[in-house]
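In: Here's my sequence, what's the structure:
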Amino acid sequence: MRILLSNDDGIDAPGLAALARGATGLGELVTYAPASVQSGCSHRLTTDDPFQVERRDRAHVAVVGTPGDCVRWALHEEAQPFDWILSGINNGGNLGVDVF
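Out: As a prediction, the model looks like this:
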């Protein structure tokens, strides 16, 4: 099983590391997450600028963009499909739908 991990608090966020620890053993983990904090804009997609992408290692990619950009890029770039997409663990409230 392949599992995509992402979040809106950035690739270096402690919550994302905790999610990865919790998902360890469930399958192959691949992380595509924002290079910096993107709270409050999870539903936004970049349509008019190119992405800047930093592949940190085989399973960790930082994207200069929104969480939606990260998932979209992962689905486009990875050779094999994902069985699950997990997002979190969030630092603070999940207000994306409220903002949307």
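In: Just list whatever residues bridge to Leu86.
Out: Note on Leu86: beta-bridge partners Leu5, judged by DSSP bridges.
In: so who does it touch?
Out: Ile3, Leu4, Leu5, Ser6, Leu19, Ala23 (C-beta atoms under 8 Å, 6 or more residues apart in numbering). C-betas here are computed from N, CA, C, even on glycine.
In: Quick check: the farthest pair among those?
Out: Ser6 and Ala23 (12.0 Å; C-beta to C-beta).
In: Looking at those two, which is more packed in?
Out: Ser6 (25 against 14; other C-beta atoms under 10 Å).
In: what are the ranges of the strands in the protein?
Out: 2-6, 28-34, 52-57, 60-64, 84-87 (DSSP state E).
In: what would those look like in TSV with distance to Ala74?
Out: Shown next, in TSV, are the strands of the chain (distance: least, C-beta to C-beta, whole Å):
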stretch	distance to Ala74
strand 2-6	5
strand 28-34	4
strand 52-57	10
strand 60-64	7
strand 84-87	8
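In: Ok, which of those comes nearest His43?
Out: strand 84-87 (12.3 Å).
In: from the contacts of Leu86, which is closest to Asn91?
Out: Leu19 (11.8 Å).
In: contacting residues for that closest one?
Out: Leu5, Asn7, Leu86, Gly88, Ile89.
In: Quick check: the last one vs Arg21, distance?
Out: Pointing back at Ile89 there. 10 Å (C-beta to C-beta, to the nearest Å).
In: Show me which of those two is the more surrounded one.
Out: The residue with more neighbours, out of Ile89 and Arg21, is Ile89; 16 against 10, by other C-beta under 10 Å.
In: Next, count neighbours for the closest residue to that one other than its chain neighbours.
Out: Spatial nearest neighbour of Ile89, excluding adjacent residues (C-beta to C-beta, 6 or more residues apart in numbering): Gly15 at 3.6 Å. Per other C-beta under 10 Å, the neighbour tally for Gly15 reads 17.
In: same thing with Val64?
Out: Around Val64 there are 17 residues (other C-beta under 10 Å).
In: That concludes my questions; thank you for your assistance.
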